[in-house]
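Return atomic coordinates for the entry below.
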Amino acid sequence: MTRFIKNMLPRGLYGRSLIIIVAPMVLLQIVVTYMFLERHWQLVTERLSASAVSEIALLLDEYERDPTKERAETLSKEARETLTLSVAFLPGEKLPDRPASSGGLLENSLSANLREKVKRPFWIDTSRYTDYIDIRVAYNGGVMRTLSPASHVYATNSHIFLVWMVGTSFVLVVVAILFLRNQIRPIERLAEAAESFGMGRDVPSFRPRGASEVRRAAEAFLDMRNRIERQIAQRTAMLAGVSHDLRTPLTRMRLELAMMGDDPQVQEMRRDIDEMQRMLDDYLEFARGHRGEATEETDLGELLRETCNDWQRKGCNVTVTVQGDLRVPLRRSAFKRCLANLVGNACKYGDTVWITGFRDMSDPGADIEIVVDDDGPGIPDDQLEEVFRPFYRLDDSRNLDEGGSGLGLAIARDIARGHGGEITLSRSPAGGLRAIVDVPV
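Presented below is the predicted three-dimensional model:
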């Protein structure tokens, strides 16, 4: 039951705030309506019914003192002109055989008053006429029939009260919606800015707005963003210096080897230096991250084709399929490095590689998915998550960075997460490894 209620409640702050305002208002309307209908309207109806029955009793007593035709006409005329009642004395008539109206507040009130004040057989019809109530009372030798206006018997203006109550409540709800919308909008902008920053996108137009608490949260977010950007800038500057200092001796060693000839030992040393250079580039790339690059609108379909062409030129059997509009703001060079790591790993261990990029265009909020499949040996299921650890290497036939640094997949996942996405690994239908890159739009 609790879970059902939670599922029925809106998940957004705007909807929940409206419920906080509207729910008490609706509850108040229900209570007021009940009190009005059960107390005020009932009391008014009882008093009006008592007054109408008193008039009927008075007219009947006057007629019985002088039960002549002339007296009947005089009383009928006076009732019509003074009491706005249509009264007819019908000698020889009897009460109708069909049952009288019963069950409602008006019928019950009239019946109680007639039994108390007239003390004669009676018959009531409240449904035959729209604006009148038909009341018939038996007397000795006939029936007195009275058509009383409905407004004289019960309260007919209760709808005015309900209309005013509903109307004013509607106005209050509209005002609450407009006010809440203005108060919630700064919170939504703050959430969008935080989400965009988490995806690696710039948010230059964001400014603190709204209530003081929301402004404090927005200012705290801006301070956090500035601290992160300063830290990244400092780390980038430091790594640039480290990169220069480390590459300088490697370059010197490479020049010295170039002057020593081409014997096998020298060639082996050149390969070692080249390997050291690649490892150094991977270490620095992983430590530097990807924050230094600006975000730009990028067609991922074009980027996938470009990556496919690069690896085809290197002799890898790669095919690419693109479905839907894959344009999304991201750091192009960094994301290309992510794709290159995944495709390069697939090409190293598989004979054929398939790249698929698609997006469900029927869902405006659908993410972009990039799938890289190969027909290589694959990875054991219990190590699908372990291979993302920096410097992790497999012991079996599929070593993800054989002769490398063990940072290929770690760098790829770091770039994907820096764009708000994720990379997951699983068994490919082709028998090898499947890498799925989820990119939020």
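
just the helices in the stretch 201-350 of the chain please.
212-258, 264-288, 300-313, 332-349 (DSSP state H, counting those that start in this stretch).

Nearest approach to Glu46 belongs to which of the ones you listed?
Ranking these by proximity to Glu46 (CB to CB) places helix 212-258 first, at 53.9 Å. Heads up, the C-betas are built off the backbone N, CA and C, glycines and all.

what packs against that closest one?
In terms of contact count using 3 or more CB pairs under 8 Å, 6 or more residues apart in numbering; DSSP states H and E, helix 212-258 is assigned the packing partners helix 158-198, helix 264-288.

Figure out how far it is from the centre of its chain.
On the basis of CA atoms, centre = their mean, to the nearest Å, helix 212-258 is displaced by 39 Å from the centre of the chain it belongs to.

Could you do stretch 171-191 as well?
15 Å.

And it, what's buried?
Neighbour-count burial for stretch 171-191 flags 176, 180, 184, 186-187, 189-190 (criterion: 16 or more other CB atoms under 10 Å).

Can you tell me which of those residues is closest to Val31?
Looking across these and measuring by CB to CB, the closest to Val31 is Ala176, at 19.3 Å.

Low-confidence stretches in the stretch 201-350 of the chain?
Applying pLDDT under 70 to the stretch 201-350 of the chain flags residues 232, 235-236, 239-240, 242-244, 278-279, 282-293.

Give me the buried positions along stretch 348-368.
348-350, 352-359, 367-368.

Which single one of these is nearest to Gln383?
Relative to Gln383, and with distances defined as CB to CB, the nearest of the buried residues of stretch 348-368 is Tyr349, at 14.2 Å.

quick one, phi psi at the residue lying closest to the closest one once chain neighbours are set aside?
Nearest non-adjacent residue to Tyr349, counting by CB to CB, 6 or more residues apart in numbering: Gly376, 3.5 Å away. Main-chain dihedrals, Gly376, degrees, to the nearest 10: phi -80, psi -160.

Helix, strand, or coil at Arg98?
What DSSP: H, G, I helix; E, B strand; the rest coil gives for Arg98 is coil.

tally of neighbours for it?
If you count neighbours by other CB atoms under 10 Å, Arg98 ends up with 7.

measure it to Ala138 for me?
15 Å (CB to CB, to the nearest Å).

Please apply the same query to Leu433.
99 Å.

Who has more neighbours out of these two?
Leu433 (26 against 16).

what residues are up against the nearest residue to Gly210 once chain neighbours are set aside?
Spatial nearest neighbour of Gly210, excluding adjacent residues (CB to CB, 6+ apart): Pro186 at 3.0 Å. By CB atoms under 8 Å, 6 or more residues apart in numbering, the contact set of Pro186 is 208-211, 214-215, 218.

By neighbours, which of the residues you listed wins?
Result: Ala218 is most packed of the contacts of Pro186 (other CB under 10 Å), 21 neighbours.

give the contact list for the closest residue to that one other than its chain neighbours.
Distances taken as CB to CB, 6+ apart place Pro208 nearest to Ala218, at 3.7 Å, with adjacent residues excluded. By CB under 8 Å, 6+ apart, Pro208 lies in contact with 186, 214-215, 218-219, 222.

Could you do Ile273 as well?
Contacts of Ile273 by CB under 8 Å, 6+ apart are 250, 253-254, 257.

what's stretch 295-305 in contact with?
200-202, 320, 322, 326-332, 335-336, 339, 355, 357, 368, 370, 439.

in that stretch, what's buried?
By 16+ other CB under 10 Å, the buried positions in stretch 295-305 come out as 295, 298, 300-301, 303-304.

gap between the two ends of it?
Using CA to CA, to the nearest Å, the end-to-end distance of stretch 295-305 comes out at 20 Å.

Please parse the chain into its domains.
Domains of the chain are assigned by automatic domain parsing as 2-159, 207-288, 294-439.

which stretch among these comes nearest Glu195?
Using CB to CB, the domains of the chain put domain 294-439 closest to Glu195, at 7.3 Å.

chain center to the closest one: distance?
The answer for domain 294-439 is 32 Å, by CA atoms, centre = their mean.

Fine, thanks again, bye for now.
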